[in-house]
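Asker: Provided below for reference: sequence and predicted model.
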Amino acid sequence: TRSSAELADQKGITGKVDRLIFQQAIKVVTHADNFGPYALGQLVWMVILMMPALALILKLLYVRRKRYFVEHLVFSFHYHAFSFWIVSIMLLVMHFTNGWENEAAATLVPITVTLGILIYLFIAMRRVYKQGFFKTFIKYNILNFAYMMIFSLFLALTLAISTLMF
């Protein structure tokens, strides 16, 4: 078999960045069984970076509240810790009860847990930031939309960097 450098030469790929991307893509394809666990391990770093991102969004949403960034960061840590805890319990219960084999449970339990986490976020925002239902609801929706956009961006960056570092 030829090396990825030889294949890059054969294809006429000359730029340093282009060669790196090409060689890493070949490496990922030829070692696909190892790439999945590697990329999954890198998601931890993505989640760690998502916490300050959530805090930044909160800082912008509550700019007139005169709260320090670190207060929003503590809220973000708390919310993520709660979410991880609930998801961990769900995964353990589903694993030990063979819930993944039951199609109804495999669909309904994750949906219910996700809805519970989203409801928790709304309630937590109302309690911590002490605003009315309507204002909190608007900010909650903006926060969720912005969080999904940042999550998608961070996920794409994490996968791209994982591919380059693999």
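Answerer: Yep, it's here. Residues are numbered from 1 along each chain as shown.
Asker: point out where the chain drops to low pLDDT.
Answerer: Along the chain, the parts satisfying pLDDT under 70 run over 1-2.
Asker: with just CA atoms, put stretch 81-97 into CSV.
Answerer: Provided in CSV are the C-alpha atoms of stretch 81-97 (Å, rounded to 0.1, in the frame of the first residue of the first chain):
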residue,chain,number,x,y,z
ALA,A,81,-23.9,19.8,35.9
PHE,A,82,-27.6,19.2,36.4
SER,A,83,-28.0,18.2,32.7
PHE,A,84,-25.0,15.8,32.9
TRP,A,85,-26.4,14.3,36.1
ILE,A,86,-29.9,13.7,34.6
VAL,A,87,-28.5,12.3,31.3
SER,A,88,-26.1,10.0,33.3
ILE,A,89,-29.0,8.7,35.3
MET,A,90,-31.1,8.2,32.2
LEU,A,91,-28.2,6.3,30.5
LEU,A,92,-27.7,4.1,33.5
VAL,A,93,-31.4,3.3,33.9
MET,A,94,-31.7,2.6,30.2
HIS,A,95,-28.7,0.4,30.2
PHE,A,96,-29.5,-1.7,33.2
THR,A,97,-33.2,-2.1,32.3
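Asker: from now on call the first residue 22
Answerer: In the new count, where the first residue is 22, that last one comes out as stretch 102-118.
Asker: who touches it?
Answerer: Contact with stretch 102-118 is made by G120, W121, A126, A127, V130, P131, V134, G137, I138, Y141, as judged by CB atoms under 8 Å, 6 or more residues apart in numbering. For the C-beta atoms, the positions are set from N, CA and C on the backbone; glycine is no exception.
Asker: what's the answer for stretch 79-89, then?
Answerer: Contacts of stretch 79-89 (CB under 8 Å, 6+ apart): F90, H93, F96, S97, Y150, K160, I163, L164.
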